[in-house]
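Colleague: okay, sequence plus prediction incoming.
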Amino acid sequence: MIKFILVQNRQGKTRLSKWYHPYDDDEKVRLRGEVHRLIAPRDQKYQSNFVEFRNDKIVYRRYAGLFFCVCVDSNDNELAYLEAIHLFVEVLDAFFQNVCELDLVFSFYKVYAILDEVFLAGEIEETSKQVVLDRLDYLEKLE
Amino acid sequence: MSGHYNLKALIKAIRSCKTLADERSVIQKESAAIRTSFKEEDSFARHNNIAKLLYIHMLGYPAHFGQIECLKLVASPRFADKRLGYLGIMLLLDENQEVLTLVTNSLKNDMNHSNMYAVGLALCTFANISSEEMSRDLANEIEKLLGSSNTYIRKKAALCALRVIRRVPDLMDHFTNKAKALLQDRNHGVLLTGITLITEMCELDDKICDEFRKATGLLVKHLKNLVTTGYSAEHDVLGITDPFLQTKILRLLRLLGRGDATASETMNDILAQVATNTDSTKNVGNAILYETVLTVLDIEADSGLRVMAINILGKFLTNRDNNIRYVALNTLNKVVAMDTNAVQRHRNTILDCLRDGDISIRRRALELSYALVNEGNVRVMTRELLSFLEVADNEFKLGMTTQICLGAERFAPNKRWQIDTVLRVLKLAGNYVREEILSSFIRLTCHTPELQFYTAQRLYAALSSDLSQESLTLAAVWIIGEFGDVLLQGGTIDDGEEVKQVSDSDLIDILELVLNSPYINTLIRQFVLTAISKLSVRFAELSTPNQSTQQDRIAEILASFSSNLELEIQQRAVEFGSLFGKNEIKMGVLERMPPPEIRATIMGTVSERRSVGSTRTDKDTVVDLIGDDSAPTSATLNGASSGPSTQDLLADIFGSGGSDLTSPTTSATSAPTRSAAADIMSLFDPSPAVASPAAAPAPSSSGASGSLFDLVTPSGLASSPAPAPTPAAPPKTQLQSYTAYDKNSLKITLTPKTSPAQPGVVQILARFVASGGEKIENVNFQVAVPKTQQLQMQAMSNTDVSPGGVETQQMRIHAPAGAAIRLRMRITFSKGSQNVTDQQDFAGFPADLTGAK
């Protein structure tokens, strides 16, 4: 199960945070800082995309200047979550047509909507890009 | 004052801030404006305000005053308002907040909404933040929606049900039937979430797991379809059909097959098929293979399949992707305990990973390597590990030296090899060796007389070439001191190597070199002082040619430390120095140590440490025990030759006359007879320096303290003392012991002892005897006293009582004067296979024990 999802840039600014576990506010601030300090200095080429973190582990992947981090149970399949991150990024990319950090800033509420279509209750909800995109189009029309 | 026109304007304003202070002030102004606007109950501005507020929240500023406004938005008939309202609720609330109860009703309404998108929003919110209470309230709604005809709603409802059973496992029964139906679903999203739900159910409840085991065939069919159907655009990821669903199915199969041969049999074929047909060139394929391996290893798979699984991991190890190697090593670490042989086959690949660029891979490979060491490969593995030790990261070294030495101890083909291995470790990483390893090495040397010359020779050579490795220096100094005579007498090393004969002056030279080296520390100094003192005796015994010169040098070195700033070093120097003049005593005191008790090295356990005897708490008890000078029972001295209290010990032994001994330093220089005795006492001072390398076990130290007494008594001083470890003199005690417990072939006697100096303090020594001829194990003796009294207990000398042996435990009771001592005892132990727990009261001590009223 996913405990939280964080998208941060290289400076440590959080662009998206989703918590599936009830952390209190101070804890969330601490977690953001810790995760950034843990992930940002890691080597792209010589280090794996998995880091043990407290009792769980973080699966992360860097896209341009953004780190997509997912904190999962220590016995979860890391490789599958790595693939799930990629799925989410592909959906974002298709939705914003070549997504960039500014899209996440200005349309943050849409990003949350996309996230809620891909992940729910800390689990993967939908694995078909097309299904998610169709769904989002509908929702856009309803606004 | 009004805020920014809309969200976009706000974001731009914030982004244009040059400093953090600017940003803060913009946000403060905006928050204030939003607050004011909220108060005006302007329903048109609300949407805009919440959007801005959520952005502010995302930047980490307080936004909780918007919670209620979100609830209002949710109640709005406009879909856009609802959507933003629910987003706000998900961001600003979590399951622990009371406001959440207000959301329940809106959720309930929206779950029955005619618009399926509104239902979707409600389900989504529920799944993300539902509390226990909310889960109970809405479980029926969720159950109903699980049967919805809309795939979009079914899929979300399945994850809502997951949330419900995570919060309230009792509600699981509500969903089992509907969950079974989900397994038949043709929609991938519904199937995926349904399987997730069922997996959680099976993890929570074994009975439900049994029920779903019937569906194994169905799951196998689903998996087969995914593997065999060709390209499907909708769910394709790099040529693999819905890898997420595949991994989920595999995971559920793992739970179903665990411990069930029939279910495992059903899935055998498909697992083999997935394992062979999945493309392993991409991450997706490897994710599936990895999940397959985990499943195979966990179920009752046939041996062929298991070997296949481990071979997949072996192949992973050669993959160029760090992630794949990482998961492979992680998994192998879990498997190695149950199937070492299969993992052994990949030993070389694993050893290659020790040189990986990624430190976390190196760490895992190292852990795995430790687990792979066995009798058969100990030579090869140790060689590899030693060669890695040369280049290893410093943070690994401590663990490596420990593991290599422990491995060598367990599996050594012969003593010579073991000694060579430890020597190599000391040379390579002498600054990263644990004390336990060092003492086990010294123990080994003491017990291997045939190799003492070899070891001493090698250590001497190593020390001559490198003084920078602390543990090497310590070991060498100790061994040279202890076995200096062996080294001088010479011998051969049977590998034909030319051995340079060492002379007595060489030994003193090297020790002097150590003292003057830049790597010297207090501990090494202490070792050296003891070693040269021992050497002076060894030289004397052998009457080496240049003896007198060397003896003078030794005396000189000792003298040079006699005013050292370090108290411990000064004390040693002074004591050894004055011992120097007393030849007969010196020979006895500094003779060869009895070989310490042999035992397996256990890391970091209390028992290993305790034998060192430096626990501070002992101090008081020793004083009290010895305090009564009429009857110094040697039994009490047994475990109590404790360092810090040497002074008190002496003072008490010498009775009132000893009270003028104030500090070890002054006494050493003033009263000659007494100072000699003080010196002797402090030889047995088990401060870490002397005792730690030998880890002097209790028996030998008791012998030592026995001999101490001989020395201290006048007759012992006059006659030539023979301090061979004689058994301690039987206690000349007038102390009365009372039987407190004698049942189930365990007998416990209590011996109380009081001191006139401390009325109201009763020392009680409990003795445990196995009276039934059977070994009594895991004894746990607990005592309670009335509330007016205080009790302190020491640990038991050994929780296992063998027949014929006596184990003891000290306790001490503070009681008001005149109070009767009453004890309630609780005893648990095991005898054979039987566990005994007993409770008993004891009040048999004489009434005047705690002094007159």
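Modeller: Arrived safely, thanks for sending. Residues are numbered from 1 along each chain as shown, chains lettered A, B, ... in the order given.
Colleague: mind listing the strands for the chain?
Modeller: Here I'm looking at chain A. For chain A, the strands defined by DSSP state E occupy A:2-9, A:14-19, A:50-53, A:56-63, A:66-72, A:119-120, A:123-124.
Colleague: actually, chain B is the one I wanted.
Modeller: For chain B, strands defined by DSSP E occupy the ranges B:236-237, B:240-241, B:738-743, B:746-755, B:758-770, B:776-784, B:790-793, B:806-814, B:823-831, B:834-842.
Colleague: can you lay out these as TSV showing distance to residue B:582?
Modeller: Where you see a C-beta, it was placed from the backbone N, CA and C, and this is true even at glycine. Formatted as TSV, the strands of chain B follow (distance: least, C-beta to C-beta, whole Å):
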stretch	distance to residue B:582
strand B:236-237	86
strand B:240-241	86
strand B:738-743	45
strand B:746-755	34
strand B:758-770	35
strand B:776-784	45
strand B:790-793	40
strand B:806-814	35
strand B:823-831	48
strand B:834-842	50
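Colleague: adding distance to residue B:566, mean neighbour count and mean pLDDT, write the ones you listed out as CSV.
Modeller: Converted to CSV, the strands of chain B look like this (distance: least, C-beta to C-beta, whole Å; neighbours: other C-beta atoms under 10 Å in any protein chain shown; pLDDT from 0 to 100):
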stretch, distance to residue B:566, mean neighbour count, mean pLDDT
strand B:236-237, 68, 18, 78
strand B:240-241, 69, 20, 82
strand B:738-743, 47, 16, 82
strand B:746-755, 35, 20, 81
strand B:758-770, 34, 20, 79
strand B:776-784, 41, 17, 83
strand B:790-793, 33, 14, 79
strand B:806-814, 33, 19, 81
strand B:823-831, 46, 18, 83
strand B:834-842, 49, 12, 82
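Colleague: what sits against residue B:118?
Modeller: By C-beta atoms under 8 Å, 6 or more residues apart in numbering or on different chains, the residues touching residue B:118 are B:79, B:82, B:110.
Colleague: if we can go back for a sec, worst average pLDDT in the strands of chain A?
Modeller: When the strands of chain A are compared by mean pLDDT, strand A:50-53 comes last with a mean of 88.
Colleague: quick one on the thing from earlier: let's have the contacts of residue B:118 in a markdown table, adding distance to residue B:846.
Modeller: Formatted as a markdown table, the contacts of residue B:118 follow (distance: C-beta to C-beta, whole Å):
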| residue | distance to residue B:846 |
| --- | --- |
| B:79 | 90 |
| B:82 | 85 |
| B:110 | 82 |
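Colleague: now that we have these, which of them are buried?
Modeller: For the contacts of residue B:118, a burial check counting by 16 or more other C-beta atoms under 10 Å in any protein chain shown picks out B:82, B:110.
Colleague: closest to residue B:260 among the contacts of residue B:118?
Modeller: Residue B:260 lies nearest to residue B:110 out of the contacts of residue B:118, by C-beta to C-beta, at 42.1 Å.
Colleague: my guess is the closest one meets residue B:82, correct?
Modeller: Yes - contact criterion C-beta atoms under 8 Å: residue B:110 and residue B:82 qualify, at 7.4 Å.
Colleague: intersection of neighbour lists for those two?
Modeller: Joint contacts of residue B:110 and residue B:82 (C-beta under 8 Å, 6+ apart) are B:74, B:118, B:121.
Colleague: where is the longest helix in chain A?
Modeller: Determined from DSSP state H, the single longest helix within chain A is helix A:78-96.
Colleague: buried residues in that one?
Modeller: For helix A:78-96, the neighbour count (16+ other C-beta under 10 Å) marks A:78-92, A:94-96 as buried.
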